[in-house]
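**Student:** I would like the atomic coordinates for the input below:
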Amino acid sequence: MPYDNRKRVAILLLLAVILLIPTACSRRQLHRDSWGIQADAGKETVAIGHQQLNIVISDIKLAVKTDDELAILSDWSVQGGAEILTISTSSPLETTWQMSIGEAGVEVSCSAEEALLVGTAPASADRIAARVKSQDNDVMYAALGLVSATNIRNLFDRPTNILIQFPEGSDLSLPAGRDDRLDITIPVGTGPEISTIENYFTDYMGLEYYQPMPTRYRHSSVGWDSWYAYYMGTTQEDMIEETDAIAEKLKPYGMEYVQLDACYTRGEEANWLEWNERAWPEGGQYIFRHIQGKGLKPGLWVNIYGANYANPAMGDRWADGKYPEEFYLRDGEGNLSSACCTADNTVVRLDMTNPDVIEQHLRPLFQILKEEWGLAYLKDAGWGTWMDYYEENRELAHDPSVDSREGYLRAQRAIHEVVGEDTYVLGCAMHEIGLGFGLFDGSRTGGDDFASWRGMRVYFNSLFGQQWINGITWWSHPDATMIREPLTMEEAKTIVSTISLSGQTYMTSDFFADFSAERRARVQRSSNFGRRLPELVKALPEERLDLYRMTMPSRPIHAVDLYPFKQDQPACCPTPESWPKALDLKVNGEAGVYDVAAVYNWADRQQSKSVDFADDLGLDRDRDYLVFDFWGKALLGTYRGDIQVEVPGHGVRVLVIKPRRDRPQLLATSRHISGTFSIQELEWQSDELTLNGRSQTVPETTYTLFIHLPDGLKVDSVSGTAEDMGYDMADGVVAVSMTGREAPLDWSVRFSR
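**Tutor:** Got it, this is the predicted structure:
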């Protein structure tokens with residue numbers, strides 16, 4: 001969680017102690033540029049602070065490793081000079097340490113070999129564990145909560161855009177039960193022991209517009225987009241049928257939004273508010289109210305940079321029903337230009353350098369959509385093409401002195417002011433990644449996909465390529481998730497596993513509603529998918545719906561690897577050679593601290609895949625781990641060092657990996673792939689040999705807990721607030737099942753020897 005004001009004040013006061021307040025005789029301090037070091041001989045600790053970062057490491061002990069044992073040094077004396085702090089210790093070893101601040105950062109030397117700094121590094125949602133490109137090991141890391149691994153040795157401070165670096169061999173580990181700090185051990189004599197990369201995203205990574213993402217949405221949007229099912233042929237009937245099906249089949253599992261894509265402005269009379277009457281006889285507000293009536297949130301695709309020339313949305317403000325001519329951008333010959341991606345050329349580009357366009361068209365339009373219709377989700381279309389056209393014709397604009405990006409953002413700022421903090425705004429800002437940071441809650445980050453394995457390559461290329469900013473600056477959107485045929489079940493599992501474990505925007509575009517013969521025939525004629533694969537225009541079957549149900553909703557997952565993942569392929573035709581061999585979600589939540597690793601096979605045929613716990617996942621190579629196959633609902637066994645699994649062609653094995661304990665422990669649930677969504681409380685009572693928990697379930701559906709049972713124990717009883725509870729045993733796993741209900745369920749499993 002982000003620091004609250006009290007924590008911030010405490011840190012600032014501590015920094016003041018380190019850097020500013022005169023110290024007692026037992027303390028010495030050194031400061032230069034942005035850094036400050038304070039050594040306290042009385043407490044035998046060192047603290048290191050930074051003017052922008054506040055405390056970087058506190059409670060640092062000096063240590064020496066001898067015969068694989070760690071000796072904490074004591075009996076300090078401290079001397080301070082203008083350039084160096086010198087610390088001498090006499091027990092259990094006599095050592096001399098020198099600390100200084102150089103151009104590269106904080107530097108430490110010691111007279112003894114294998115010297116170490118052992119301390120605590122503050123961390124939070126504002127200061128996260130991170131990896132840089134030099135640490136790439138062909139496995140992509142993501143995090144849910146504060147996490148650590150043996151191969152993560154950086155912290156990224158979101159508010160300041162500063163990367164804190166520790167040298168190779170450093171160990172950052174998560175203390176049990178904590179989510180606000182990391183224990184850190186730093187080897188001495190390896191170069192600067194602490195250094196920074198300031199302006200990491202802007203200067204170092206070249207992401208010009210970096211700013212921390214808005215906090216108004218804790219996770220990415222989860223919903224349905226009409227486009228890749230119905231394309232331009234979407235009708236009122238389709239939207240009503242799909243809304244009803246979604247409310248029944250997927251709303252209980254976390255789907256929130258129903259969003260109509262481009263199609264409704266076809267024809268000279270249609271505009272953003274007055275929809276094509278033939279396809280939408282009751283109008284747009286009717287559709288919005290129907291969606292709301294089903295407990296879902298309405299969303300709409302709008303190219304905000306265009307308006308219907310013959311019948312603009314706010315045209316009733318003028319006597320002739322049309323906007324003034326100076327509202328529009330024209331080329332040198334006076335021609336109007338069709339706005340991007342709309343149903344036809346009746347929607348033309350507006351001149352966003354004209355303030356009257358903002359005040360008399362854009363603001364009142366979105367006030368109606370928001371306040372009268374109830375807009376909850378805006379797909380903010382245009383792809384940035386307005387900027388290109390403006391640059392070509394800017395001498396004809398109302399104010400040609402306005403930069404194209406500034407003109408683009410003027411419209412975005414106005415919309416944000418109108419729709420407020422409770423409307424999710426999804427940008428289509430592929431013109432250049434980052435334009436719209438702070439205004440967009442999420443954004444498209446790649447081209448259009450299609451419901452086929454070849455079509456979904458575009459999806460994967462965008463997902464992996466732009467994971468590095470997901471949950472950092474906005475929620476990246478690789479485009480619509482689809483799992484219908486001709487995609488195989490194995491391909492479908494790969495798709496849903498990846499979008500869920502990455503935490504990126506989860507907007508689907510499958511058919512969920514059943515078809516009448518008449519409606520199917522129409523969609524087969526009017527939909528791009530229907531024309532190409534008419535026999536596959538049908539509702540998604542239950543076995544595929546279950547893939548969505550077990551991976552929704554999105555979780556507040558953010559990137560750990562803060563660099564683009566091998567994006568050197570043309571966007572038109574990416575191939576899997578540059579995609580990771582695994583996606584590792586590191587979890588710190590109510591269900592525990594563990595890993596969920598999606599192990600991929602991008603080849604066409606089944607292959608054996610090996611995962612090294614230390615090299616690939618940053619786990620302890622000398623520890624035993626329980627490995628549970630999520631999709632297979634089976635414990636694979638106890639492994640140390642590595643594991644080898646068979647993975648189907650285009651498939652995935654999702655492995656839940658937890659340190660083995662000598663007591664029963666929860667492995668997974670049937671509800672969510674991350675293992676975290678349903679678990680609200682979890683406690684082991686060793687004196688009573690009882691595992692207790694509280695779970696949020698889906699009413700009238702079976703909910704199952706998968707619990708590892710060590711040798712020598714047996715289940716004594718299961719109990720709880722569910723009306724029916726039972727369990728099965730198989731291969732060291734207790735599967736405890738119950739029927740879900742609206743209120744959280746308390747449950748208890750008692751064991752005996």
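
**Student:** Which neighbouring elements make contact with the helix or strand harbouring residue 646?
**Tutor:** Using DSSP states H and E, residue 646 falls within strand 642-647. Strand 642-647 sits against strand 592-600, strand 607-612, strand 652-659, with contacts defined as 3 or more C-beta pairs under 8 Å, 6 or more residues apart in numbering; DSSP states H and E. In short, each C-beta sits where N, CA and C put it, glycine included.

**Student:** Quick check, residue 493 in contact with residue 631.
**Tutor:** Yes: Residue 493 lies in contact with residue 631 (C-beta atoms under 8 Å); the separation is 5.8 Å.

**Student:** Can you lay out the helices and strands packed on strand 642-647 as a markdown table showing mean neighbour count and distance to residue 730?
**Tutor:** Output for these, formatted as a markdown table (neighbours: other C-beta atoms under 10 Å; distance: least, C-beta to C-beta, whole Å):
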| stretch | mean neighbour count | distance to residue 730 |
| --- | --- | --- |
| strand 592-600 | 23 | 21 |
| strand 607-612 | 15 | 24 |
| strand 652-659 | 24 | 16 |
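
**Student:** right, and the ones you listed - which one's nearest residue 727?
**Tutor:** Nearest to residue 727 among those is strand 652-659 (19.2 Å), distances taken as C-beta to C-beta.

**Student:** What strands line up against that closest one, and which way round?
**Tutor:** strand 592-600 (antiparallel), strand 625-629 (antiparallel) (DSSP bridges).

**Student:** what's the closest of those strands to residue 679?
**Tutor:** Residue 679 lies closest, by C-beta to C-beta, to one member of the strands paired with strand 652-659: strand 592-600, at 8.8 Å.

**Student:** Run through who's touching the closest one.
**Tutor:** 139, 147, 174, 494, 497-498, 501, 579-587, 609, 611, 617, 619, 630, 645, 647, 651-659, 665-666, 673-675, 682 (C-beta atoms under 8 Å, 6 or more residues apart in numbering).

**Student:** Need the strands paired with strand 652-659 in TSV (columns: mean pLDDT).
**Tutor:** What follows is the strands paired with strand 652-659, written out as TSV (pLDDT from 0 to 100):
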stretch	mean pLDDT
strand 592-600	98
strand 625-629	98
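
**Student:** could the ones you listed be laid out in CSV, adding distance to residue 26?
**Tutor:** Converted to CSV, the strands paired with strand 652-659 look like this (distance: least, C-beta to C-beta, whole Å):
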stretch, distance to residue 26
strand 592-600, 38
strand 625-629, 46
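
**Student:** quick one, what contacts residue 220?
**Tutor:** Applying C-beta under 8 Å, 6+ apart, the residues contacting residue 220 are 442, 475, 477, 503, 504, 505, 506, 554.

**Student:** And residue 715, by the same measure?
**Tutor:** 709, 727, 729, 734, 749, 750, 751.

**Student:** Would you confirm that the fifth one contacts residue 664?
**Tutor:** Meaning residue 749. Yes: counting by C-beta under 8 Å, residue 749 does reach residue 664; the two are 7.2 Å apart.

**Student:** Looking at those two, which one has more neighbours?
**Tutor:** Taking neighbours as other C-beta atoms under 10 Å, residue 749 and residue 664 compare with residue 749 leading, 24 against 19.

**Student:** how much space between the more buried one and residue 703?
**Tutor:** Between residue 749 and residue 703 the computed distance is 14 Å (C-beta to C-beta, to the nearest Å).

**Student:** For the strand holding residue 646, buried residues please.
**Tutor:** 643, 645, 647 (16 or more other C-beta atoms under 10 Å).

**Student:** what are the pairing partners of the strand or helix carrying residue 718, and which direction each?
**Tutor:** Taking DSSP H and E as the definition, residue 718 sits inside strand 714-720. Sheet pairing for strand 714-720, assigned by DSSP bridges, gives strand 745-752 (antiparallel).

**Student:** Need phi/psi at the closest residue in space to residue 449 that isn't next to it in sequence.
**Tutor:** Nearest non-adjacent residue to residue 449, counting by C-beta to C-beta, 6 or more residues apart in numbering: residue 459, 4.2 Å away. Main-chain dihedrals, residue 459, degrees, to the nearest 10: phi -60, psi -50.

**Student:** Now do the same contact list for residue 459.
**Tutor:** 446, 449, 478, 479, 480, 481, 495.

**Student:** how deep is residue 47 tucked in, by neighbour count?
**Tutor:** Neighbourhood size, residue 47 [other C-beta under 10 Å]: 25.

**Student:** Looking at strand pairing, list the partners for it.
**Tutor:** With DSSP bridges as the rule, residue 47 is bridged to residue 38.

**Student:** Tell me if I'm right that it and residue 38 touch.
**Tutor:** Yes: in this structure residue 47 lies within contact range of residue 38 using C-beta under 8 Å: 5.0 Å.

**Student:** give me the element residue 129 is part of.
**Tutor:** strand 127-130.

**Student:** how distant is the next helix or strand after that strand from the center of its chain?
**Tutor:** Counting by DSSP H and E, the next helix or strand C-terminal to strand 127-130 is strand 139-144. Here the centre of strand 139-144 is set off from its chain's centre by 10 Å, with C-alpha atoms, centre = their mean, to the nearest Å.

**Student:** can you check stretch 342-355 too?
**Tutor:** The answer for stretch 342-355 is 33 Å, by C-alpha atoms, centre = their mean.

**Student:** One more: stretch 93-104?
**Tutor:** 40 Å.

**Student:** do the same with stretch 312-319
**Tutor:** A distance of 41 Å separates the centroid of the chain from that of stretch 312-319, by C-alpha atoms, centre = their mean.

**Student:** Where does the record place the domain boundaries for this structure?
**Tutor:** 5-160+162-197, 222-558, 581-752 (automatic domain parsing).

**Student:** who's in contact with the nearest residue to residue 183 once chain neighbours are set aside?
**Tutor:** For residue 183, ignoring the flanking residues on the chain, the nearest one in space by C-beta to C-beta, 6+ apart is residue 173 at 5.0 Å. By C-beta under 8 Å, 6+ apart, residue 173 lies in contact with 148, 182, 183, 184.

**Student:** Could you dump those residues into CSV with secondary structure added?
**Tutor:** Formatted as CSV, the contacts of residue 173 follow (DSSP: H, G, I helix; E, B strand; the rest coil):
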residue, secondary structure
148, coil
182, strand
183, strand
184, strand
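
**Student:** tell me, how many neighbours does residue 721 end up with?
**Tutor:** Neighbourhood size, residue 721 [other C-beta under 10 Å]: 14.

**Student:** Look at the nearest residue to it once chain neighbours are set aside and report its pLDDT.
**Tutor:** Computed as C-beta to C-beta, 6+ apart, the closest residue to residue 721 that is not its neighbour in sequence is residue 746, at 4.7 Å. Residue 746 carries a pLDDT value of 98.
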